[in-house]
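S.K.: Predicted structure and sequence below. I'll ask about it afterward.
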Amino acid sequence: MRWKASDERTVEIAPDATVYAIGLLNANEQLRARDEGNLSIVSEALGDQQEVPLAQ
């Protein structure tokens, strides 16, 4: 199932409710607009967060 989260984002969800794709319109613009060009990856299950720098 594809869910339109906003005009800039879509999320694809499998029948078992796992997220398997996130689509971003103008991804470079959106991802670099915040967090100094880093992508934050959060595991709520593990209570862990990591910052990954995006390539330029």
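M.R.: In hand now; what should we look at? Numbering: from 1, shown residues only.

S.K.: which residues touch the one residue sitting closest to the centre of the chain?
M.R.: Nearest residue to the geometric centre of the chain (C-alpha atoms, centre = their mean): Ile22, 5.8 Å. Ile22 makes contacts with Arg9, Thr10, Val11, Glu12, as judged by C-beta atoms under 8 Å, 6 or more residues apart in numbering. For every residue, glycine as well, the C-beta is placed using N, CA and C.

S.K.: Which members of those residues are the farthest-apart pair?
M.R.: Greatest spatial distance in the contacts of Ile22: Arg9 and Glu12, 11.1 Å, computed using C-beta to C-beta.

S.K.: Spit out the residues that contact those two alike.
M.R.: Common neighbours of Arg9 and Glu12 (C-beta under 8 Å, 6+ apart) are Ile22, Gly23.

S.K.: Which of the contacts of Ile22 sits closest to Asp48?
M.R.: Set against Asp48, the nearest of those by C-beta to C-beta is Val11 (21.6 Å).

S.K.: Ignoring the adjacent residues along the chain, who's closest to that closest one?
M.R.: Trp3 (4.9 Å; C-beta to C-beta, 6 or more residues apart in numbering).

S.K.: Likewise for Ala21?
M.R.: The shortest distance from Ala21 to any non-neighbouring residue, by C-beta to C-beta, 6+ apart, is to Glu12 (3.9 Å).

S.K.: likewise Gln49?
M.R.: Nearest one to Gln49, counting by C-beta to C-beta, 6+ apart, is Val42 at 4.7 Å.

S.K.: so that neighbour is in which element?
M.R.: strand 38-43 (DSSP states H and E).

S.K.: Between strand 38-43 and the helix or strand just after that strand, find me the angle.
M.R.: Sequence order places strand 48-53 as the next helix or strand after strand 38-43, per DSSP H and E. With axes from the mean of the first three to the mean of the last three C-alpha atoms, to 10 degrees defining the directions, strand 48-53 sits at 160 degrees from strand 38-43.
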